[in-house]
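Trainee: Predicted coordinates and the sequence they were generated for:
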Amino acid sequence: MDDASLRTALLVARVAESHGCLQPGDWPDVAVSLVLEGNEDPEIAELAGLSPGANGWDTEPLVAAAYERHGVPVPGRDESTDLITRLMADEIRARPAAITAPMTRLLARIAPPDFESDLANRCFTAEEYLDCGCAEVDLGFETELQSTPSLGLPAALVQALARPLRSTLPTPQPPHGHHDH
């Protein structure tokens, strides 16, 4: 794995963390995927050796050191949404979801009403109508989301980064009919 790919992976991890979608206990899986791709950073190796029950006291100093070493900033809102979209598009292309509009549902989860990303806000607005049948939902929008450019990361790493995000999606198709949020 080259430096650019590692930096992209760490940037995506930082975004997922900032949305509360990547917990300390998720880091060992992500780090193992990085090690298997040939990463030799001592912090990544140490993270890979932690148990899945790791807490922030264990992971935070290691993660902070890796971010600092690779110059990984906290991305802005639009870049954050773009990175999450590209990660989940890669994940859903590899492992399709059992529900309609998984990307819209997922991006809506990270977009509180005051979120400063037009894309996330469009998803937040559309999600309410996905299952109610009372409005025409633009499924072309979902196709557009799923066809975003790939991050170009290895499949196992994409899966490790996307697993916590994907866990926020319903597994069966939600019932149709209007519901209040």
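Mentor: Structure received.
Trainee: Please name the residues that touch E91.
Mentor: For E91, the contact set (C-beta atoms under 8 Å, 6 or more residues apart in numbering) comprises V158, Q159, A162, L165, R166. Heads up, the C-betas are built off the backbone N, CA and C, glycines and all.
Trainee: Looking at the residues you listed, which are in helices?
Mentor: Using DSSP state H, the subset of the contacts of E91 located in helices is V158, Q159, A162, L165, R166.
Trainee: contacting residues for the closest residue to the fourth one other than its chain neighbours?
Mentor: Of all residues not flanking L165 in the chain, C21 sits nearest, at 4.8 Å (C-beta to C-beta, 6 or more residues apart in numbering). Counting by C-beta under 8 Å, 6+ apart, C21 touches I110, P164, L165, T168.
Trainee: repeat that for 10 Å
Mentor: Residues near C21 by C-beta atoms under 10 Å, 6 or more residues apart in numbering: 13, 15, 84, 106, 109-110, 161-168.
Trainee: can you give me phi and psi for it?
Mentor: The phi/psi pair for C21 (degrees, to the nearest 10) reads phi -100, psi -10.
Trainee: what about it, distance to P164?
Mentor: Distance, C21 to P164, using C-beta to C-beta, to the nearest Å: 5 Å.
Trainee: likewise L157?
Mentor: Note on L157: its distance to P164, by C-beta to C-beta, is 13 Å.
Trainee: Tell me which of the two has more neighbours.
Mentor: Set L157 next to P164 and count neighbours by other C-beta atoms under 10 Å: L157 wins out with 27 against 19.
Trainee: So which bits of the lowest-mean-pLDDT helix or strand in the chain are buried?
Mentor: When the helices and strands of the chain are scored by mean pLDDT, DSSP states H and E, helix 118-127 comes last with a mean of 78. Neighbour-count burial for helix 118-127 flags L119, A120, N121, R122, C123, F124, A126, E127 (criterion: 16 or more other C-beta atoms under 10 Å).
Trainee: now do stretch 62-81
Mentor: Within stretch 62-81, the residues that count as buried by 16+ other C-beta under 10 Å are L62, V63, A66, Y67, V72, P75, S80, T81.
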